[in-house]
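**Student:** Model the structure of this input:
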Amino acid sequence: MSDGTWSDDTSDGTGPASSSVGPLPDGFDLVGSETVFRSSFTTIRRDRIRMPDGDVTEREIAEHLSAVGAVPLDADDRVVLVRQYRHAFGRHYLEIPAGKLDVDGEDPAAAMRRELAEEVELAAADLETLVTFTNSAGWTTEQTTVYLATGLSAEPRPDDFDLTHEEADMEVVRIPLDEAVAMVHAGEIVDSKTVIGLLAVADRRRR
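**Tutor:** Sure, this is the predicted structure:
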């Protein structure tokens, strides 16, 4: 939680060491930063920024772990998805397998292979980067890298991994790629990483 104090540093325009933001473009200066909330998942900081017109304004930023996701495509041209409960909206969503980069020093591709085994009990012979995107640049530092996973085979979950909380209710489904893309356009699949991954695969196929 906030201690009510600002950390100020106007010496070089890059702001206080407590903020994760890097050097800013010419005309923008980070003049203060405070942590207002901290949890095991997210830190919320409030920055004060001097804009090019000289005005100083505040922005609240969620510092959040980045993530990986993969579009697993099987030999029958079906996408392997999970149906998972998301409490922010109080409903289940169809999503690609994914997870946060929460193991220090772990390579993103290795993290994705781990998530494939944990969530859908699959291994991929080939893991190809599709895209890395910022989840919502206006308010969070989170980025997600999405892969295309092919050459799928069965892979048991690690012995030390247990499905808990929302994952305990998770259902694995396989949907033909064309049908899944149609569900995106119909508004039936709306999770951002899943939308981006499916459309990226469809676009690559057209090319």
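
**Student:** Show residues contacting the longest helix belonging to the chain.
**Tutor:** Criterion DSSP state H: the longest helix present in the chain is helix 192-206. Contact partners of helix 192-206, identified using Cβ atoms under 8 Å, 6 or more residues apart in numbering, comprise 67, 69-71, 73, 79, 81, 93-96, 98, 130-131, 133, 135, 144, 146, 148, 177, 180-181, 184, 189. Placement of C-beta: from N, CA and C, glycine included.

**Student:** And the strands in this protein?
**Tutor:** Taking DSSP state E, the strands of the chain run over residues 7-8, 29-38, 42-50, 56-64, 67-72, 78-86, 91-95, 98-100, 122-134, 143-154, 171-176.

**Student:** Convert the C-alpha atoms of stretch 150-160 to PDB, please.
**Tutor:** The C-alpha trace of stretch 150-160 is given here as PDB (Å, rounded to 0.1, in the frame of the first residue of the first chain):
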ATOM      1  CA  THR A 150       2.900 -27.800 -34.100                       C
ATOM      2  CA  GLY A 151       4.100 -31.400 -34.200                       C
ATOM      3  CA  LEU A 152       2.000 -32.100 -31.100                       C
ATOM      4  CA  SER A 153       2.300 -35.200 -29.000                       C
ATOM      5  CA  ALA A 154       1.100 -36.400 -25.600                       C
ATOM      6  CA  GLU A 155       3.100 -35.100 -22.600                       C
ATOM      7  CA  PRO A 156       2.100 -35.800 -19.000                       C
ATOM      8  CA  ARG A 157       1.800 -33.000 -16.500                       C
ATOM      9  CA  PRO A 158       4.900 -32.600 -14.300                       C
ATOM     10  CA  ASP A 159       4.600 -34.600 -11.000                       C
ATOM     11  CA  ASP A 160       4.900 -31.500  -8.900                       C
END
